[in-house]
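1. predicted coordinates and the sequence they were generated for:
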Amino acid sequence: MKSIVSIQKTRRRAALACVASLFAACGTSPQAKEPEAEAHASVAAVGRAAVVGTALDAATGKPIQGAVIVGFDAPSITTDAAGRFELRGLPVGAAGVVRATTEAGLVGENRIRPLNSGELEVVIYLRPSR
C-alpha cells in the first residue's frame with residue numbers, strides 16, 4: 001500500500017507535468033519567465049479537494065455503518081455499510097478536523113493538513129467518549 005506522502009508526491013509530479021505541457025503548448029519556457037511560471041502553477045493549483053475514508057471501531061477494527069461525519073463546514077454525512085464516507089467539493093488549501101460520532105457514544109477525529117487538489121484518504125478510529 002502506498003503511503004500518503006508517496007501518493008502526494010506522485011500527484012505533485014503529475015501537476016508539474018501538466019504545467020510543463022501548458023508551457024510547451026504556449027511556446028513559453030518556464031526557465032525564461034519564472035514569474036509567469038509561478039502564475040501558471042497557482043492557476044493549476046486552484047481546484048477542488050476531497051477527504052474520503054473509513055470509520056472503524058478502534059476496539060474491533062470493523063467498519064462502522066451510520067457514523068455521522070462532520071468537517072470543513074460541509075453538511076454532515078453518514079457512513080455506508082462499509083464505514084465509507086466522502087467529503088467532496090472542498091477548497092484546496094482548507095485544513096481542519098474531520099469528526100465521527102455514533103449514537104452508541106463512539107467518537108473519533110483526524111486533524112487534516114492543508115488539502116491539495118484531489119482526494120485525501122483517511123481512517124477515523126472511533127472509541128467510547130470519555
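-> Sure thing, it's come through. Model, not experiment: these values are computed from the prediction. Numbers count the residues shown, from 1 in each chain.
2. only C-alpha atoms for contact and neighbour calcs from this point on.
-> Fine.
3. hey, what's the spatially closest residue to Arg127 that is not a sequence neighbour bridged with?
-> Closest residue to Arg127 apart from its sequence neighbours, by Cα to Cα, 6 or more residues apart in numbering: Leu106 at 4.9 Å. Beta-bridge partners for Leu106, by DSSP bridges, are Pro128.
4. contacting residues for Leu106?
-> Leu126, Arg127, Pro128, Ser129 (Cα atoms under 8 Å, 6 or more residues apart in numbering).
5. what about the last one, how many neighbours?
-> Close neighbours of Ser129, defined as other Cα atoms under 10 Å, add up to 10.
6. tell me the spacing between it and Gly118.
-> Distance of Ser129 to Gly118, computed by Cα to Cα, to the nearest Å: 32 Å.
7. wait, a helix at Val97?
-> No: read with DSSP: H, G, I helix; E, B strand; the rest coil, Val97 is strand and lies in no helix.
8. confirm for me that it is in contact with Pro114.
-> No: using Cα atoms under 8 Å, Val97 makes no contact with Pro114, being 10.7 Å away.
9. residues touching Gly71, list them.
-> Gly96, Val97, Val98, Arg99.
10. could you rerun that using 10 Å?
-> Listed by Cα atoms under 10 Å, 6 or more residues apart in numbering, the contact partners of Gly71 are 51, 77, 87, 95-100, 109-112.
11. turn the buried ones among those into a named ChimeraX selection, would you?
-> Command for ChimeraX, covering only those of the contacts of Gly71 found buried under the criterion 16 or more other Cα atoms under 10 Å:
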select :51,77,87,98,99,100,109,112
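12. could the contacts of Gly71 go into JSON lines alongside distance to Gly71 and pLDDT?
-> Shown next, in JSON lines, are these (distance: Cα to Cα, whole Å; pLDDT from 0 to 100):
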{"residue": "Val51", "distance to Gly71": "10", "pLDDT": "96"}
{"residue": "Ile77", "distance to Gly71": "10", "pLDDT": "97"}
{"residue": "Leu87", "distance to Gly71": "8", "pLDDT": "95"}
{"residue": "Ala95", "distance to Gly71": "10", "pLDDT": "95"}
{"residue": "Gly96", "distance to Gly71": "7", "pLDDT": "95"}
{"residue": "Val97", "distance to Gly71": "6", "pLDDT": "97"}
{"residue": "Val98", "distance to Gly71": "4", "pLDDT": "97"}
{"residue": "Arg99", "distance to Gly71": "6", "pLDDT": "98"}
{"residue": "Ala100", "distance to Gly71": "9", "pLDDT": "98"}
{"residue": "Glu109", "distance to Gly71": "10", "pLDDT": "97"}
{"residue": "Asn110", "distance to Gly71": "10", "pLDDT": "97"}
{"residue": "Arg111", "distance to Gly71": "10", "pLDDT": "97"}
{"residue": "Ile112", "distance to Gly71": "10", "pLDDT": "96"}
